[in-house]
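K.L.:
just coords:
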């Protein structure tokens with residue numbers, strides 16, 4: 001086996017998705033900062049994150065982890081799917097801002113096609129592989145894809161005007177829950193079971209991998225029930241209270257599943273190696289538990305105005321923070337060649353890690369408090385919003401700057417000369433497998 005081959009970055013096939021996600025993330029920050037002066041406003045800022053950042057990384061990483069956990073062969077980037085996904089995302093965003101419903105429908109359809117492609121890949125790999133300890137993770141990824149189908153379809157129907165009036169408000173509630181808690185949340189919960197301890201360089205909590213399959217199944221079922229019930233609250237003259245309480249029950253099942261998955265990760269983090277991604281993933285798990293139970297309470301009390309604050313908690317505190325944790329851990333593997341260079345890159349990326357994590361979580365707390373705070377005192381709400389966005393933007397910008405600096409300081413050491421058949425599962429196995437498996 002050549003030294004040149006050993007020098008290659010093991011996750012290099014994820015570069016297109018990481019680069020695209022970074023561009024969408026910068027655009028989302030620009031729309032947050034200058035939203036009132038830019039077309040699309042808050043809607044575009046949110047969807048630059050969910051459609052651009054989240055979907056690119058979910059599609060790339062779930063495919064990667066499925067191949068790794070199922071030992072499904074050579075890792076690849078599926079560039080055709082990447083192109084289809086991003087052409088659909090751009091079409092959807094432009095169509096919505098320009099008011100071209102035909103382009104909204106076309107873009108949404110392309111997004112659904114790209115995720116359907118992922119779903120078929122995942123299912124094919126899972127059914128062809130021998131049953132393994134973490135096969136349930138891939139099954140959960142398939143459930144997350146199903147959540148995306150339904151959420152995207154609701155989004156298209158709202159975007160082209162098919163769902164209007166009371167149905168629009170109800171569909172928006174269902175759309176938000178299915179996309180954030182389903183597409184994003186189920187993917188995160190299933191991944192953090194094995195990848196959370198791996199990132200934190202510690203062992204799985206005893207029993208975490210045996211309780212997770214049942215938790216993920218029940219959570220997905222509860223979310224499906226909750227989303228359908230939320231949609232049915234748009235039925236004029238229907239039993240709205242019955243549907244609302246049915247939604248509360250389904251979402252409570254999902255919230256219970258989130259606790260069952262996240263608490264073992266938090267316990268594992270208590271003994272983990274200190275690093276920026278360790279604190280970030282712990283913060284994401286803590287916000288997840290808070291946000292899903294607060295969501296249940298808000299729906300039960302019919303305090304829907306609180307959902308804007310909880311949406312920020314889920315998008316920034318949970319999904320955004322988990323993405324930053326993953327990027328901080330994976331960047332050396334994606335961008336840097338050579339074990340020594342990757343170790344040096346980790347030192348750079350962990351610089352002021354605790355302060356960055358504290359600043360980000362303080363920023364999220366300010367944003368979450370700003371909405372109810374603003375209802376009491378506008379000045380307090382405005383101050384909290386300003387402080388929150390500055391802290392959150394600073395954490396994101398610093399992360400992106402560090403990621404940009406790493407490949408400049410540690411360039412590729414050798415060209416790719418083809419796959420070596422005698423190689424020991426390449427570096428990806430060492431960086432993905434739970435430590436209890438080694």
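P.N.:
Received it, and whenever you're ready, just let me know what you need. Predicted model only: the values in this text are computed from it and were never measured.
K.L.:
need the next SSE after the least confident helix or strand in the chain by mean pLDDT, C-terminal direction.
P.N.:
The weakest-scoring helix or strand in the chain, judged by mean pLDDT, DSSP states H and E, is helix 3-6 (a mean of 41). Downstream of helix 3-6, the first helix or strand assigned by DSSP states H and E is helix 15-34.
K.L.:
Touching that next one from outside, list them.
P.N.:
Applying C-beta atoms under 8 Å, 6 or more residues apart in numbering, the contact partners of helix 15-34 are 38, 40-42, 44-46, 48-49, 51-53, 56-57, 59-61, 77, 79, 82, 86, 89, 323, 327, 330-331, 334-335, 389, 393, 396-397, 400, 403. Quick note: C-beta positions are derived from backbone N, CA and C, even for glycine.
K.L.:
What is the subsequent helix or strand relative to it?
P.N.:
Next in sequence after helix 15-34, counting helices and strands by DSSP H and E, comes helix 41-47.
K.L.:
Flag every buried residue along that following helix.
P.N.:
Residues of helix 41-47 classed as buried: 44, 45, 46, 47 (neighbour count, 16 or more other C-beta atoms under 10 Å).
K.L.:
rewinding a little: in ChimeraX, how would I select the buried members of the contacts of helix 15-34?
P.N.:
Filtering these down to the buried ones (16+ other C-beta under 10 Å) takes a single ChimeraX command:
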select :40,44,45,46,48,49,51,52,53,56,57,59,60,61,77,82,86,89,323,327,330,331,334,335,389,393,396,400,403
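K.L.:
So which of the contacts of helix 15-34 sit within strands?
P.N.:
Using DSSP state E to define strands, no part of these is located there.
K.L.:
Of the contacts of helix 15-34, which belong to helices?
P.N.:
Counting by DSSP state H, the part of the contacts of helix 15-34 found in helices is 41-42, 44-46, 56-57, 59-61, 79, 82, 86, 89, 323, 327, 330-331, 334-335, 389, 393, 396-397, 400, 403.
K.L.:
what's residue 101 in contact with, if anything?
P.N.:
Counting by C-beta under 8 Å, 6+ apart, residue 101 touches 95, 159, 160, 161.
K.L.:
ok, of the residues you listed, which come out buried?
P.N.:
95, 159.
K.L.:
Could you export the contacts of residue 101 as a markdown table, including pLDDT, distance to residue 128 and secondary structure?
P.N.:
Below are these laid out as a markdown table (pLDDT from 0 to 100; distance: C-beta to C-beta, whole Å; DSSP: H, G, I helix; E, B strand; the rest coil):
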| residue | pLDDT | distance to residue 128 | secondary structure |
| --- | --- | --- | --- |
| 95 | 95 | 38 | helix |
| 159 | 91 | 37 | helix |
| 160 | 91 | 38 | coil |
| 161 | 89 | 43 | coil |
